[in-house]
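K.L.:
Dropping a prediction and its sequence here:
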Amino acid sequence: MYWNKYNNLKILEKNWFKIPKFSIFNWKLEFLKTPLILRSSFSVEDWKNYSFAWIFESYFPIYNNTDLRVWINLCKEALKSNNSELYLKANNLENVYIKENFILQEYIIWDISGIVFSTYNDASIKVEYVPGINYWLTNWLIADPNIYIFDRNNFDNFDIEWVYSEDIYYTIQNSSVQKKSLKISNIHENIFFNIKDKLLNYVLQIENIFWCPQDIEFTVLNNDIYILQSRNITV
């Protein structure tokens, strides 16, 4: 049993969504192309009622077994963090035995990336996205990404909640995450609107597959949409 995060990816893969190549943790990195990302897939994560969103981090970039050992140890230590302990206590899970597992996944250097909440204020879909990799968005390094609120029944009906106006983005260069200058233009908005309808249809399909509103991470490269993970939206 590889637990919900891994199983959810397998379900999405079987339903023909594009997923960056992944496997359950092992030391044989030659089966995947570097750089890689390490994602926890603990037995407590992504339950129906307890997602553990924002509790466990993902670690990257990984190029060799030395990198992997460092990130594995950090991932295990996250179980002992204050955030983890507080979450377990708040949900009466202190005595639950947590089984460890990890996902290794190819890390794509993409054009834009983001998060979608498939049900937002009952009748909407909320999309947050940034240029470059998801690093700054999922790690709370930026408070104001591009934010769009779409009508679930008419994707041409939407509100712009926020427009990203920073002059930086994140990418991987020289085997590390680096901050780069961004020339403000409409190029990233054009990328997003080129794939907008397809992405939103994917979101509704994924919600239907899991029978629950979903918190979905996605990325776009050359107008191809990749789903990085999907889990139930929980309180």
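P.N.:
Happy to help now that I have it. Owing to the predicted nature of the structure, the values given are computational and were not obtained by experimental measurement. Numbers count the residues shown, from 1 in each chain.
K.L.:
what's the longest helix that the chain contains in contact with?
P.N.:
Among all segments of the chain classified by DSSP state H, the helix with the greatest residue count is helix 187-210. Helix 187-210 is contacted from outside by 8, 11-12, 15, 17, 111-112, 116, 118-119, 125, 127, 129, 131, 146, 150, 152, 155, 213-214, 216, 218, 220, 223, 225, 227, 230, 232, using CB atoms under 8 Å, 6 or more residues apart in numbering. The C-beta positions use only the backbone N, C-alpha and C, and glycine is treated the same way.
K.L.:
Please flag which of those residues sit within helices.
P.N.:
Applying DSSP H to the contacts of helix 187-210, the entries found in helices are Asn8, Ile11, Leu12.
K.L.:
and Glu45, helix, strand or coil?
P.N.:
Under the three-state scheme (DSSP: H, G, I helix; E, B strand; the rest coil), Glu45 adopts coil.
K.L.:
Going forward, count from 200.
P.N.:
Yep, numbering from 200; the last one is Glu244 now.
K.L.:
Stretch 298-307 - what's its average pLDDT?
P.N.:
Within the predicted structure, the mean pLDDT of stretch 298-307 is 89.
K.L.:
Show me the contact partners of it.
P.N.:
Outside of stretch 298-307, the residues that reach it under the criterion CB under 8 Å, 6+ apart are 200-202, 204-205, 208, 219-225, 228, 231-242, 259-261, 267, 271, 274-275, 371, 418, 420, 425, 427.
K.L.:
For PyMOL, what selects the buried ones among these?
P.N.:
Only the buried members of the contacts of stretch 298-307 enter the following PyMOL selection, criterion being 16 or more other CB atoms under 10 Å:
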select buried, resi 201+202+204+205+208+219+221+222+224+228+231+234+235+236+237+238+239+240+241+242+259+260+261+267+271+274+371+418+420+425+427
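K.L.:
could you pull out the strands for this protein?
P.N.:
If DSSP state E is used as the criterion, the strands of the chain fall at 221-223, 235-239, 258-261, 301-305, 311-319, 323-330, 345-350, 353-361, 367-372, 375-380, 413-420, 423-431.
K.L.:
Okay, angle between the second one and strand 423-431 too, please.
P.N.:
Yep, that's strand 235-239 we're talking about. An angle of 10 degrees separates the directions of strand 235-239 and strand 423-431 when computed by axes from the mean of the first three to the mean of the last three CA atoms, to 10 degrees.
K.L.:
Other residues contacting strand 235-239?
P.N.:
Contacts with strand 235-239, where a contact means CB under 8 Å, 6+ apart, come from 204, 224, 228, 255, 257-262, 267, 270-271, 274, 277, 299-306, 428.
K.L.:
again, 7 Å this time
P.N.:
Counting by CB atoms under 7 Å, 6 or more residues apart in numbering, the neighbours of strand 235-239 from elsewhere in the structure are 204, 228, 255, 257-259, 261, 267, 270-271, 274, 301-306.
K.L.:
swap in the first one?
P.N.:
With CB under 7 Å, 6+ apart as the contact definition, strand 221-223 has outside contacts at Tyr201, Tyr205, Leu208, Phe230, Leu231, Asn300, Ile302, Leu303, Gln304.
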